[in-house]
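Asks: build the 3D model from these lines:
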Amino acid sequence: MSSSWHWQLKDFAPGEGALADVFANPPAATSQGWIDVQVPGDVHTALVAAGRIPDPFCDQNEIKCAWVEQREWWYRATFTGPKALPADERLQLIFHGVDTFATFWLNGHELGSSANMFRDIEFDVAGQVRPNQENTLAVCFHPPLKALEGKVAPMLMPVPVGGEASKVLMRKAQFGYGWDWGPRLPTIGLWRPVELRQQKRGAISAVHFMTEAITEQAAHVRIKVTVDDFGLVTPSIRHEPLQVDVALKDTGQHLVAQQTVSLSGAGANLYATASFTIDKPHLWWTHDLGDPYLYTLEVTLKDSGAELDRRSLTTGIRTITLDQSPDNDEKGTHFFRFVLNGVPIFAKGANWIPADSFVGALSFERYERWILAAREANMNMLRVWGGGIYEHDWFYDLCNRLGILVWQDFMFACAAYPEDDPAFVDEVRQEAAYQVQRLRNHPCLAIWVGNNECQVIDYLMKQITSDTKPLLGNLYYDQVLPEIVAALDGQTPYWPGSPFGGRYPNDQAVGDVHDWTVWHGLSEDTNFPELFTKGPTPEQVAYTRYAEDMGRFISEFGMHAAPVLETLRRVIPQDQLYHHSPSMDHHNKDNPKNKGDLLMMTSTGLPSGLADYIDLA
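Replies: Okay, the predicted model is just below:
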């Protein structure tokens, strides 16, 4: 059962939040400085709703909100415990998304801690919950940068993207500390649901749907179900073997195939495998090639015919491969193209950054509006960029339904990452395993990619410094991540980074390319020391240089531009609605602030005013 509890929030100076203050009084709407907070959600949106901070996106209010990341924040809620549990039952308290360094308390008893925004954390609380009585749950969020005191971050660039070097030491959305397109608003809070789950004897821990082969007449699929039989730890209770029912239904919910499968394996971790041959299957296609047909997979765990647990998910029958065969041209180029159900596709799409600084507060309606817009723009692929988040389930469900493939970066971006901290390496392993198992059944999933721009920035820096040390982070991109993808997915291609391939990471002949010649002035003929000290010239960033790009797959390119005037009026004060006003330049997070001007100099000429700037940009 997902919690719909009344959550409250209060801040303290770091280390001053006392359990007596948190647990002493029953929660009330405004008791002793506590305010309401939504779960899922975050601290900033709760503070805006309570009037404690202004809208962070208006004018330069971002600066007025900087104090939030320096405080200690406590969440609390009360709930009535279920009745006393038999010996072969357990009560799981599951936090599906915790941002980021937190300690968990139940009735004054410490349950444990977390240090990763990108995976769930579970506690068996059967021994701590008071049956049929009121219980108080509390979560203490520690200031992220304070939690890292004493640690030294590896540096890939003299000035890190976002300006906060320490962000690479934590498994937290990197964009929250600022990017060239977004503000510094590092979030804090319970950004995904909290769930109290009562389970008897056993539970389904994972389901894996695999399309093994497709012919003109049939599809061969395999479903592997992993089960946690925790009833085995109570030998005084005799149990019959558990069984798993696997059923596949079409879009009209008519039964297509069904099997009852016995469990194999030993100990508490068991598995069952069902194989189906589907005659004349409906395949999942991108919307431009056909129908993104979805089946419903239902998996039921049973004990002597009684249902213990159930999983239901939508999935599609399809194969996806990455073709990198030689193009047999005189330039020695290779293909980099996706092959869907045996058909090479032309990928048309965009990078997807987080849809809001406050990712816990995003709604289904916002996702639906934007992904529909992508489809209506004839896009058939979206790249989930590695400086943001592994997206909410809604994102992938909509891409499944609307026929849009997803290029999925792991969450590493534009930096070096520590390899000598065993706790950090273990967090990456757990995060990758969690996310691969979470996302692998989506038919929209096209590729797993190790990072965003870490290898290419390392290459560019080495042109300036002549450093020969390996990139810190290769442990993940070359070993940890591909091993986990192979073991837990095995169907979806893996690629070490974006861009990557060939003689160097941004080689136009092999692999994928990020084209930042236009806008940043980065290209093969660039004098990098001069570019980084003096900035680009109008000629270096001219839009006509796109004609020089011979890349096989352009996975990132673009330029900053103005939104419509109505949007600017919502966030820019009336007296600063002009080009290069302090408020306008504050919202432009790139440096120098005149890159758009440089681009216009070689094409349209400089704008005469704000309206002209909006049109020309």
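Asks: which residues of the chain score low on pLDDT?
Replies: In the predicted model of the chain, residues 1-3, 24-31, 232-239, 267-268 satisfy pLDDT under 70.
Asks: please redo it, this time with the cut-off set to 50
Replies: Scanning the chain for pLDDT under 50 picks out 1, 29.
Asks: which helix runs longest in it?
Replies: Secondary structure of the chain read by DSSP state H shows that its longest helix is helix 422-439.
Asks: go through that helix and flag the buried ones.
Replies: Across helix 422-439, burial judged by 16 or more other Cβ atoms under 10 Å covers 424-425, 427-428, 430-439. No exception for glycine: its C-beta is placed from N, CA and C like everyone else's.
Asks: how about the residue nearest the centre of the chain, nearest residue that isn't a chain neighbour?
Replies: When Cα atoms, centre = their mean is applied to the chain, the residue found nearest the centroid is Y390 (1.2 Å). The spatially closest residue to Y390, leaving aside those adjacent along the chain, is Q435, at 5.0 Å (Cβ to Cβ, 6 or more residues apart in numbering).
Asks: pick the one among the buried residues of helix 422-439 closest to A247.
Replies: Nearest to A247, judged by Cβ to Cβ, of the buried residues of helix 422-439 is Q437 at 20.9 Å.
Asks: how close does the residue lying closest to W181 once chain neighbours are set aside sit to K249?
Replies: Spatial nearest neighbour of W181, chain neighbours left out: K589 (6.1 Å); criterion: Cβ to Cβ, 6+ apart. Counting by Cβ to Cβ, to the nearest Å, the gap from K589 to K249 is 48 Å.
Asks: now do N341
Replies: Using Cβ to Cβ, we find N341 at a distance of 21 Å from K249.
Asks: repeat that for A562.
Replies: Between A562 and K249 the computed distance is 48 Å (Cβ to Cβ).
Asks: these two: who's more crowded?
Replies: Neighbour tally, A562 and K249, criterion other Cβ atoms under 10 Å: the higher count belongs to A562, 20 against 17.
Asks: quick one: contacts for that one?
Replies: Contacts for A562 (Cβ atoms under 8 Å, 6 or more residues apart in numbering) come out as 568, 613-614, 617.
Asks: a markdown table for these, including secondary structure and distance to D458?
Replies: Formatted as a markdown table, the contacts of A562 follow (DSSP: H, G, I helix; E, B strand; the rest coil; distance: Cβ to Cβ, whole Å):
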| residue | secondary structure | distance to D458 |
| --- | --- | --- |
| L568 | helix | 37 |
| Y613 | helix | 36 |
| I614 | helix | 37 |
| A617 | coil | 32 |
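Asks: quick check: which element contains the closest residue to G112 other than its chain neighbours?
Replies: Spatial nearest neighbour of G112, chain neighbours left out: F104 (5.8 Å); criterion: Cβ to Cβ, 6+ apart. Using DSSP states H and E, F104 falls within strand 101-106.
Asks: identify the residues contacting that strand?
Replies: Residues from elsewhere that reach strand 101-106 (Cβ under 8 Å, 6+ apart): 19, 22-23, 93, 95, 110-115, 121, 123, 125, 128-129, 135-144, 147, 170.
Asks: please name the nearest non-neighbouring residue to P563.
Replies: In space, and not counting its chain neighbours, P563 is closest to I614: 8.0 Å by Cβ to Cβ, 6+ apart.
Asks: packing partners of the longest helix of the chain?
Replies: Helix 422-439 is packed against helix 481-488, with contacts defined by 3 or more Cβ pairs under 8 Å, 6 or more residues apart in numbering; DSSP states H and E.
Asks: from the chain's centre, how far out does the very next helix or strand once past the helix it packs on sit?
Replies: Following helix 481-488 in sequence order, the next helix or strand is strand 494-495 (DSSP H and E). In terms of Cα atoms, centre = their mean, to the nearest Å, the centre of strand 494-495 is found 17 Å from the chain centre.
Asks: for strand 494-495, which helices and strands make contact with it?
Replies: Applying 3+ Cβ pairs under 8 Å, 6+ apart, one finds that strand 494-495 contacts strand 445-449, helix 481-488.
Asks: mean neighbour count, those: which tops it?
Replies: strand 445-449 (a mean of 25; mean count of other Cβ atoms under 10 Å).
Asks: partners of that one in the sheet?
Replies: Looking at strand 445-449 with DSSP bridges, its partner strands are strand 405-409 (parallel), strand 494-495 (parallel).
Asks: and the angle for that strand with helix 481-488?
Replies: 140 degrees (axes from the mean of the first three to the mean of the last three Cα atoms, to 10 degrees).
Asks: which residues are contacting strand 445-449?
Replies: Outside strand 445-449, the residues within contact range by Cβ under 8 Å, 6+ apart are 320, 322, 338, 381, 386, 396, 405-410, 436, 439, 481, 485, 489, 492-498.
Asks: kindly export it (C-alpha atoms) in PDB.
Replies: Taking Å, rounded to 0.1, in the frame of the first residue of the first chain, the C-alpha atoms of strand 445-449 are listed here in PDB:
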ATOM      1  CA  LEU A 445      14.500   1.200 -24.600                       C
ATOM      2  CA  ALA A 446      17.000   1.400 -27.400                       C
ATOM      3  CA  ILE A 447      20.500   1.600 -25.800                       C
ATOM      4  CA  TRP A 448      22.300   2.000 -22.500                       C
ATOM      5  CA  VAL A 449      25.100   4.600 -22.600                       C
END
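Asks: after it, which helix or strand is next?
Replies: Immediately after strand 445-449, counting by DSSP H and E, sits helix 454-465.
Asks: now do the buried residues in that following helix.
Replies: Residues of helix 454-465 classed as buried by neighbour count (16+ other Cβ under 10 Å): 454-458, 460-461.
Asks: before we move on, the earlier item: among the contacts of A562, which one has the most neighbours?
Replies: Busiest of the contacts of A562 [other Cβ under 10 Å] is Y613, holding 20 neighbours.
Asks: run through the residues that contact that residue.
Replies: Y613 is in contact with 562, 579, 596, 607, counting by Cβ under 8 Å, 6+ apart.
Asks: could you verify my assumption that L472 touches F412?
Replies: No: L472 lies out of contact with F412 (Cβ atoms under 8 Å); the separation is 10.9 Å.
Asks: one step back: what would the buried residues of helix 454-465 look like in CSV with distance to I223?
Replies: Shown next, in CSV, are the buried residues of helix 454-465 (distance: Cβ to Cβ, whole Å):
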residue, distance to I223
C454, 35
Q455, 36
V456, 39
I457, 41
D458, 41
L460, 45
M461, 46
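Asks: ok, L472 and F412, which is more surrounded?
Replies: For L472 versus F412, neighbours defined as other Cβ under 10 Å are more numerous around F412 (25 against 19).
Asks: what about the more buried one, distance to V485?
Replies: 14 Å.
Asks: returning to that earlier point: from the contacts of strand 101-106, which ones fall inside helices?
Replies: Using DSSP H, those in helices are 19, 22-23, 144, 147.
Asks: out of the residues you listed, which is most surrounded?
Replies: P144 (25 neighbours).
Asks: can you tell me the element E368 falls in?
Replies: Assessed by DSSP H and E, E368 sits inside helix 364-376.
Asks: which residues are contacting the helix or strand that contains W519?
Replies: Using DSSP H and E, W519 sits in helix 517-520. The contact list for helix 517-520 (Cβ under 8 Å, 6+ apart) reads 523, 536, 540-543, 545-546, 548-549, 557-560, 595, 599.
Asks: quick check: buried residues in the helix or strand where T211 lies?
Replies: Counting by DSSP H and E, the element that carries T211 is strand 202-214. Across strand 202-214, burial judged by 16+ other Cβ under 10 Å covers 202-211, 214.
Asks: ok, the residue lying closest to F335 once chain neighbours are set aside - contacts?
Replies: Counting by Cβ to Cβ, 6+ apart, F335 lies nearest to D323, which is 4.9 Å off, once chain neighbours are set aside. By Cβ under 8 Å, 6+ apart, the contact list for D323 reads 335-339, 344.
Asks: look up which residues are beta-bridged to D323.
Replies: As for beta bridges, D323 partners with R337 under DSSP bridges.
Asks: how close does it sit to D512?
Replies: From D323 to D512 the distance is 13 Å (Cβ to Cβ).
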